[in-house]
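In: Just a sequence and a predicted model for now, questions to come.
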Amino acid sequence: MNEQMFLIMAILVVVALLFDFMNGFHDAANSIALMVSTRLLTPHAAVIWAAFFNFVAFLIFGLHVANTVGSGIVSPAIIDNAVVFGALCGAISWNIITWWFGIPSSSSHALVGGLVGAALAKTGWSAIIAQGLIKTALATILSPLFGLLLAFVMAIALLWIFEKALPYPTERKFNKLQFISSSLYSLGHGGNDAQKTMGIIAVLLYANGYLEGGFHVPFWVVISCHVAMALGTLFGGWRIVKTMGMGITKIRPTGGFSAQTSGAVTLFLATWMGIPVSTTHTITGAIVGVGLSRRVSAVRWGLASRIVWAWVLTIPVSGLIAAIFWYLGRGFMG
């Protein structure tokens, strides 16, 4: 590899880590909004708490999601610098747009959409691995529904169990339990989301001949991605915190515990199965489930519908942007 091509690859690795940083920044609300809205922690203490568990997630989970993103959605044989450039630019552009308007959207599916869009622009449908794309698309629908149902059942069960208990001592107890549920959710967030960028960097290294012995994720890539995501979480996306923590429904400590625990269970299952899911979809579904446990009118459906539209548009719009950037970058990316 000549020096110019090595420099291009190195820049793309940095851009991938920038995306990972933005993922943590953009999705910080997913981990901390409920802790902030229930006044468990101050915003700054909450992001430090979440960032720590984002980072240590590599000690808990394998690399199944990274392998899916790197080699299970688009054929690694067609990946080159221009495809990765398009994918990252598409995902970053969509993240910036949705962050600016304070709309929770999926960084994960923006990256998948970017990868698919750039691959389609280069090769067409032959580049797409149907099984991996279908699995990811199904997870787009099933993860928030599973989170919603689990949170709804848990919230109803807690209301029934503590029906005759005094409200103030009960809420104090669940304030403390939220430390556990928020830790688990942040672990799941770091475990699933950081692996998506690992997959992109690993397939970039593979395409440039830097991986010996077949496709795998080097340990330095694992650590770099977790550091980038943890730093992004430390800076936090405060526009989206307000939407997630207070905009969808009013959350009390029991509801916060139910939503975070349900979200964590969903993310743990998806990560162990190697499915890249959206932490945003998952926790939003869980928050809606908590609201529904009280009454249908407790959910602000107007705001929820805006979020759903952002979900629907994420993959196609990020894919379209990625295709444009692939076209612009193919001449100088090699």
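Out: Structure received.
In: any weak-confidence spans in the stretch 151-300 of the chain?
Out: Scanning the stretch 151-300 of the chain for pLDDT under 70 picks out 236-250, 296-300.
In: Tell me the secondary structure at Met9.
Out: Per DSSP: H, G, I helix; E, B strand; the rest coil, the secondary structure class of Met9 is helix.
In: Contacts made by the helix or strand hosting Cys225 with the rest, please.
Out: Secondary structure from DSSP states H and E places Cys225 in helix 219-235. With Cβ atoms under 8 Å, 6 or more residues apart in numbering as the test, helix 219-235 has contacts from 17-18, 20-28, 31-32, 47-48, 50-52, 54-58, 63, 190, 193-195, 197-198, 201-202, 205. All C-beta spots, glycine's among them, are computed from the backbone N, C-alpha and C.
In: Buried ones among these?
Out: With burial judged by 16 or more other Cβ atoms under 10 Å, the buried subset of those is 17, 20-28, 31-32, 47, 50-52, 54-58, 63, 190, 193-195, 197-198, 201-202, 205.
In: Packing partners of the top helix by length along the chain?
Out: Determined from DSSP state H, the single longest helix within the chain is helix 167-207. Using 3 or more Cβ pairs under 8 Å, 6 or more residues apart in numbering; DSSP states H and E, the elements in contact with helix 167-207 are helix 3-37, helix 43-56, helix 64-71, helix 81-100, helix 107-122, helix 219-235, helix 253-272, helix 279-294.
In: between that helix and helix 64-71, how many degrees?
Out: Interaxial angle, helix 167-207 versus helix 64-71 (axes from the mean of the first three to the mean of the last three Cα atoms, to 10 degrees): 40 degrees.
In: So for Pro316, which of the helices and strands packed on helix 167-207 sits nearest?
Out: Set against Pro316 and scored by Cβ to Cβ, those come closest in helix 107-122, at 6.7 Å.
In: Just want the angle from the closest one to helix 64-71.
Out: 20 degrees.
In: Remind me what the next helix or strand after helix 107-122 packs against, helices and strands.
Out: With elements assigned by DSSP H and E, the helix or strand that comes after helix 107-122 is helix 130-161. If you count contacts as 3+ Cβ pairs under 8 Å, 6+ apart, helix 130-161 packs onto helix 64-71, helix 107-122, helix 253-272, helix 279-294, helix 301-333.
In: Show me what the longest one packs onto, helices and strands only.
Out: Right, helix 301-333. Counting contacts by 3+ Cβ pairs under 8 Å, 6+ apart, helix 301-333 packs against helix 81-100, helix 107-122, helix 130-161, helix 279-294.
In: how about JSON lines for the ones you listed, with distance to Ser318 and mean neighbour count added?
Out: Shown next, in JSON lines, are those (distance: least, Cβ to Cβ, whole Å; neighbours: other Cβ atoms under 10 Å):
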{"stretch": "helix 81-100", "distance to Ser318": "4", "mean neighbour count": "24"}
{"stretch": "helix 107-122", "distance to Ser318": "4", "mean neighbour count": "28"}
{"stretch": "helix 130-161", "distance to Ser318": "13", "mean neighbour count": "18"}
{"stretch": "helix 279-294", "distance to Ser318": "14", "mean neighbour count": "27"}
